[in-house]
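Q: sequence and predicted model, in that order:
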Amino acid sequence: MAARPELQAPPEIFYDQSEARKYTSSSRIIDIQAKLSERALELLALPDDGVPRLLLDIGCGSGLSGETLSENGHQWIGLDISEAMLDVAVEREVEGDLLLADMGQGLGFRAGVIDGAISISAVQWLCNADKSSHEPRLRLKAFFGSLYRSLARGARAVLQVYPQNVAQRELILGSAMRAGFAGGVVVDYPHSSKSRKEYLVLTCGPPSLNAAVPNAKGEDGMSCSEDDSSGDEENQTVTISDRNRPRKKRKLDKKSKGKDWVLRKKEQLRRKGSSVPADTKYTARKRKSRF
Amino acid sequence: MRLLTHNMLSSNIKGVTNGFPLKIEAEKVVEKEVDMNTDFLKNIFSKIEWKPFVEAAKTLGFSELPEDADSSLLDSHEFLTKFHHALLEIHLEEGALVCPETERKFPVSKGIPNMLLHEDEV
């Protein structure tokens, strides 16, 4: 497997003219991008009334994903950090508007105007610090915060991501949740290393019925959910308190009867006239632990 | 860039409280014909800030829009045609967008506004 592009160079440098060219000439890349964006649009679950919506394509690149949106009749605004990729998009005469912008600096849109957002293989770039001024946590916060503000209530954002590891996935998802989004991760083809795809399906606004995360696609096209076994999670009660229950109080406070106490008692008995063994170095000696 | 996008964009420079609307400095404007979709126009109408929209259209040389508009106008075909033309068919090709508070210029070239911020503006 080729090295991850995120590890090679910052996006505005990695996607230079030659790399951007690939995105128009390689039918394989075009095919994958089209499939991913179709699936993302499906997960977006826009109302089925035929009304075109205003969508956002974050990391639109050369506009391959936007083309899918146009085919479905929607208006879209795409943003990307790579000028070379946007130039290709202009050449291809995409129908949406393009912006040269960095999602980690926050999206400059008015509040509540966007009906939905998709992003294909872009958000994991935020986990990298490519400049000394970059702080992934803050950039993710700026991104998700501004995305949340610009989306209309109840609108969805579907972000297809390639997290490098579990920590990155948690970082991304955690930032989204802190920004106020509800939702989770949908994993398509979870058992295939090649076609495994992860989508963050986020819903803006208070959790409601339609905030339920849709089912993932399985190998055979059947829906399969990764957390089938734990489906009843909400009804189970996990007693965390058990683990933190304080141990039985040991009798630490009660002092053992020491040598002083023994000597005092012997003295008392001598005064009474009883026959008491003499005090020696063995008197009230501490026993060895192995006794 | 179409006026649809302009109407949604605001400046997100750090410390700017009201970055909307961005002023337009137009150098080159082009028109591209697009099919009209009345459903979309009716849907998006409620989200458009009308005053800045009319102002922006005037800057780009289209002044046939009414100063005030409400949803009752949406049944008029004449209005919809003008609305459609201004919203989706006029493109700002070269020029700049100017932040209303800081006067910072975002250059527009080949129809793409450069909204990248400098490090001290984040």
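A: Sure thing, it's come through. The shown structure was predicted, so the numbers you read here are calculated from the model rather than taken from an experiment.

Q: residue A:201 touches residue A:181, doesn't it?
A: No: here residue A:201 does not reach residue A:181: they are 9.4 Å apart, not a contact under C-beta atoms under 8 Å. C-beta here means a position set from N, CA and C on the backbone, and glycine is covered the same way.

Q: which neighbours do these two share?
A: Residues touching both residue A:201 and residue A:181 (C-beta atoms under 8 Å, 6 or more residues apart in numbering or on different chains) are residue A:157.

Q: A strand includes residue A:55, no?
A: Yes: Residue A:55: assigned to a strand according to DSSP: H, G, I helix; E, B strand; the rest coil.

Q: if I look at it, how far off is residue A:41?
A: 8 Å (C-beta to C-beta, to the nearest Å).

Q: now the common contact residues for the two.
A: Here residue A:55 and residue A:41 have A:69, A:118 as joint contacts, going by C-beta under 8 Å, 6+ apart.

Q: compare the two and say which is more crowded by neighbours.
A: Per other C-beta atoms under 10 Å in any protein chain shown, whichever of residue A:55 and residue A:41 has more neighbours is residue A:55, with 24 against 20.

Q: tell me the contacts of that one?
A: Here residue A:55 is in contact with A:44, A:69, A:74, A:75, A:76, A:77, A:114, A:115, A:116, A:117, A:118 (C-beta under 8 Å, 6+ apart).

Q: and those residues, which two are the farthest apart?
A: A:44 and A:77 (15.0 Å; C-beta to C-beta).

Q: of those two, give the one with the bigger neighbour count.
A: Neighbours were counted for residue A:44 and for residue A:77 using other C-beta under 10 Å; residue A:77 has more, 26 against 20.

Q: okay, now the sheet partners of the helix or strand harbouring that one, with direction.
A: According to DSSP states H and E, residue A:77 maps onto strand A:75-80. For strand A:75-80, the paired strands and their directions (DSSP bridges) read strand A:54-58 (parallel), strand A:97-100 (parallel).

Q: mean confidence score for the last one?
A: What it means is strand A:97-100. Averaging pLDDT along strand A:97-100 gives 94.

Q: next structured bit after that strand?
A: strand A:114-120.

Q: name the helices or strands packed onto the lengthiest helix in chain A?
A: When chain A is scanned for its longest helix (criterion: DSSP state H), the result is helix A:27-44. Here helix A:27-44 touches helix A:17-25, helix A:64-71, strand A:114-120, strand A:151-161, strand A:197-203, going by 3 or more C-beta pairs under 8 Å, 6 or more residues apart in numbering or on different chains; DSSP states H and E.

Q: is stretch B:100-110 up against chain A anywhere?
A: Yes: Stretch B:100-110 reaches chain A (C-beta under 8 Å from any C-beta of the partner chain) through residue B:110.

Q: what's the neighbour count on residue 26?
A: Because you didn't say which chain, this covers chain A. Neighbours around residue A:26, by other C-beta under 10 Å: 12.

Q: that's the wrong chain, I meant chain B
A: 16.

Q: that one belongs to a helix?
A: No: Residue B:26 is assigned strand when assessed by three-state DSSP, not a helix.

Q: near chain B, which residues of the stretch 101-250 of chain A?
A: A:101-102, A:105-110, A:112-114, A:131, A:133, A:142, A:146, A:150.

Q: pLDDT-wise, which helix or strand of chain A ranks last?
A: Lowest mean confidence among the helices and strands of chain A (mean pLDDT, DSSP states H and E): strand A:223-224, at a mean of 46.

Q: quick one: contacts for residue 50?
A: As the question left the chain open, I've gone with chain A. A:73, B:39.

Q: nope, chain B please
A: Counting by C-beta under 8 Å, 6+ apart, residue B:50 has contacts B:68, B:69.

Q: switch to 10 Å and redo it
A: By C-beta atoms under 10 Å, 6 or more residues apart in numbering or on different chains, the residues touching residue B:50 are B:7, B:65, B:66, B:67, B:68, B:69, B:70.

Q: pLDDT wise, what is the residue nearest to the fifth one when sequence neighbours are not counted at?
A: The spatially closest residue to residue B:68, leaving aside those adjacent along the chain, is residue B:50, at 7.1 Å (C-beta to C-beta, 6 or more residues apart in numbering or on different chains). At residue B:50, the model reports a pLDDT of 93.

Q: roughly how far does residue B:50 sit from residue B:77?
A: Distance from residue B:50 to residue B:77, by C-beta to C-beta: 19 Å.

Q: and residue 32, how many neighbours does it have?
A: Reading this off chain A. Counted by other C-beta under 10 Å, the residues lying close to residue A:32 total 16.

Q: actually, chain B is the one I wanted.
A: Counted with other C-beta under 10 Å, residue B:32 comes out at 12.
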